[in-house]
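> Quick one, structure for this:
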Amino acid sequence: MSEHQIFKTEHVVKQERKRKSDEISNTDNAAASEDSSSEEVLRNSEGDAYFELSTRRRVTVRKFKRTILVDIREYYEKNGVQLPGKKG
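Model (predicted):
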């Protein structure tokens with residue numbers, strides 16, 4: 001292969017990678033905007049924000065000593081109250 005052909009091949013490969021990357025980011029942005037509009041932020045008894053992943057799992061986001069913590073736990077129901085389980 002000549003130098004010109006190698007350069008042309010590298011250029012085509014770079015363009016293809018950029019196109020695929022753009023497609024992925026556009027898909028991610030569309031999915032993120034779809035998800036964020038359909039999900040609502042709930043609050044627990046301490047006022048921490050949480051999102052339900054399923055009927056038994058939730059993600060809680062809280063701030064502790066200037067650090068943001070993300071807690072993923074399984075919950076169970078006892079006497080009509082959601083309580084954290086062992087897993088989490």
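> wait, is residue 58 part of a helix?
No: applying DSSP: H, G, I helix; E, B strand; the rest coil, one finds residue 58 to be strand, outside a helix.
> I'd say it and residue 83 touch.
No: contact criterion C-beta atoms under 8 Å: residue 58 and residue 83 do not qualify, at 11.7 Å. No exception for glycine: its C-beta is placed from N, CA and C like everyone else's.
> Please say which of those two ends up with more neighbours.
Per other C-beta atoms under 10 Å, whichever of residue 58 and residue 83 has more neighbours is residue 58, with 20 against 9.
> Identify the contacts common to residue 58 and residue 83.
residue 75 (C-beta atoms under 8 Å, 6 or more residues apart in numbering).
> Contacts only, for residue 86.
Per C-beta under 8 Å, 6+ apart, neighbours of residue 86: residue 74.
> and it, what are its phi and psi?
phi -70, psi -40 (degrees, to the nearest 10).
> residue ranges with poor pLDDT in the chain?
Scanning the chain for pLDDT under 70 picks out 1-9, 11-13, 25-39, 88.
> what ranges do the helices span in it?
Per DSSP state H, the chain carries helices over the ranges 3-38.
> The strand ranked longest in the chain: partners in the sheet, and parallel or antiparallel?
Determined from DSSP state E, the single longest strand within the chain is strand 67-78. Sheet neighbours of strand 67-78, with direction, are listed as strand 57-64 (antiparallel), strand 81-84 (antiparallel) (DSSP bridges).
> Relative to residue 19, which of those is closest?
strand 57-64 (33.8 Å; C-beta to C-beta).
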